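Chemist: A structural model of the following input is requested.
(one chain, ligands or ions: 1)
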Amino acid sequence: MLFADVIGHDDLKKRLIQSVRDSRVSHAQLFIGPEGSGKMALALAYAQYINCTNRSETDSCGQCPSCRKFMTLTHPDLHFVFPTATTKKVDKNPESDLFIADWREYLTDCKGYADLSDWFTKLDIENKQGVINVRDAATIMRKLSFKAYEGEYKVAVIWMAEKLNVQTANKLLKLIEEPPEKTLFILIAENQEELLNTIRSRCMMVKVPKLTYQEVQDALVDNLGCDPQEAHDAAMLADGNWLLAQRFANDKEDEKLYANTFQKWMRYCFKGALPELIDFVANDIKPLGRERQKEFLEYGLNIFHNSLLFNNNMSDEVMLPTDEKTFTQNFAPFVNRKNMAEICELFEESINQIERNANASIVFMDDSCKMSKLLRVK
Ligand SMILES: [Zn+2]
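Modeler: Numbers count the residues shown, from 1 in each chain. This is a model prediction of the structure:
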């Protein structure tokens, strides 16, 4: 992958490139940032750049034998470790190497914009908890003990490092602390709190910020050929998440789904109408599935934050499509200093619970009852 194919992040790209040009590549780096920000895409561009034999000041050449192999993800010095679980094909002892063909196909299809739930969907293990297995640690140790085959650097990309179990992490720690010569570890993670301290403290942190509205909008127009108005609406709702932006741009109904569902929900909560809320949770929420339920709650948080902007006379900064802006403006008076913190906490906690496989109907019914009270706090 070329840096030019990674959306946005101009400053970060420059810093990464400079570190290679100055020969100060830290041997263990943790790329941390939110979903859809492009951490994996950056890691792939970085790894390719380090090993390119004809790199320029701004990018790898894309033509040399090394670049060609990096672009097909088949370079012998590029190694991947990622979460797996048992599947129909691999019914025991799962580890990354057994899924490498699927993985290359997936990374190619998503153009480096990898997402855990999409990956699990690809493997058809949505309802299982994928982990990075201790067998992966043994395999990567073995692979890295050899000299680089062709490239200058051996690169091990450990994707979703929060899925390292303690046993795996302990095995890897030694390797990260005393790596074989010319070895680069790139760990990729989304959630700093879920990461083991021992791992975090041994890596140089590379913060990958969420994409800006403008970066997302431009990419929708330039890469996907969206018309500017369409790109504008999708970028506003996506809140820096490229994966979400693409989905919204491709599917108008999807884009409006969260808005319509949220507005309906808040109306029922405000009325405190229990039978309607029960129906709503059964018919509108349950069919969404876990990942979309989480996205829906995040959409809600975004509306609350924008409500606060209205309340503080900062409506110029509200980033929402027109009809949602109108809804939020009318809704804003019900979100105030007294209930805002509690509302946000409630939604954040619900996101965590859904992530941990809690029963969504119970979570949403509980939220509904609490919201009915909170929206009445004046
Ligand atoms: Zn090259």
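Chemist: how about the strands in the protein?
Modeler: 28-32, 78-81, 154-159, 183-189, 204-207 (DSSP state E).
Chemist: could you dump those strands to TSV with mean neighbour count and mean pLDDT?
Modeler: C-beta: built from backbone N, CA, C; applies to glycine. Putting those into TSV (neighbours: other C-beta atoms under 10 Å; pLDDT from 0 to 100) gives the following:
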stretch	mean neighbour count	mean pLDDT
strand 28-32	22	97
strand 78-81	22	97
strand 154-159	25	96
strand 183-189	24	96
strand 204-207	14	96
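Chemist: for those, which one sits closest to the ion?
Modeler: strand 78-81 (13.4 Å; C-beta to the ion).
Chemist: neighbouring strands of the closest one in the sheet, and parallel or not?
Modeler: strand 154-159 (parallel) (DSSP bridges).
Chemist: now do the strand it pairs with: everything it contacts.
Modeler: 40, 43-44, 47, 50-51, 77-83, 114, 132, 140, 143-144, 148, 164, 172, 180, 182-188 (C-beta atoms under 8 Å, 6 or more residues apart in numbering).
Chemist: can you pull the contacts of residue 42?
Modeler: Contact analysis of residue 42 by C-beta under 8 Å, 6+ apart lists 6, 9, 12, 13, 16, 31, 208.
Chemist: change it to 10 Å
Modeler: Going by C-beta atoms under 10 Å, 6 or more residues apart in numbering, residue 42 touches 1, 3, 6-9, 12-13, 16, 31, 33, 112, 186, 188, 206, 208.
Chemist: filter those residues down to just the ones in helices.
Modeler: Among those, the residues falling in helices (DSSP state H) are 12, 13, 16.
Chemist: if you rank those by neighbours, which is first?
Modeler: Using other C-beta atoms under 10 Å as the neighbour criterion, residue 16 leads the ones in helices among the contacts of residue 42 with 22 neighbours.
Chemist: so which of the strands of the chain comes closest to residue 353?
Modeler: strand 183-189 (20.9 Å; C-beta to C-beta).
Chemist: just put the strands of the chain in TSV and tack on distance to residue 333.
Modeler: Shown next, in TSV, are the strands of the chain (distance: least, C-beta to C-beta, whole Å):
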stretch	distance to residue 333
strand 28-32	37
strand 78-81	50
strand 154-159	44
strand 183-189	39
strand 204-207	36
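Chemist: who wins for proximity to residue 358 among those?
Modeler: strand 183-189 (22.8 Å).
Chemist: centre of the chain versus that closest one, how much separation?
Modeler: 16 Å (C-alpha atoms, centre = their mean, to the nearest Å).
Chemist: that strand pairs with which strands?
Modeler: strand 28-32 (parallel), strand 154-159 (parallel).
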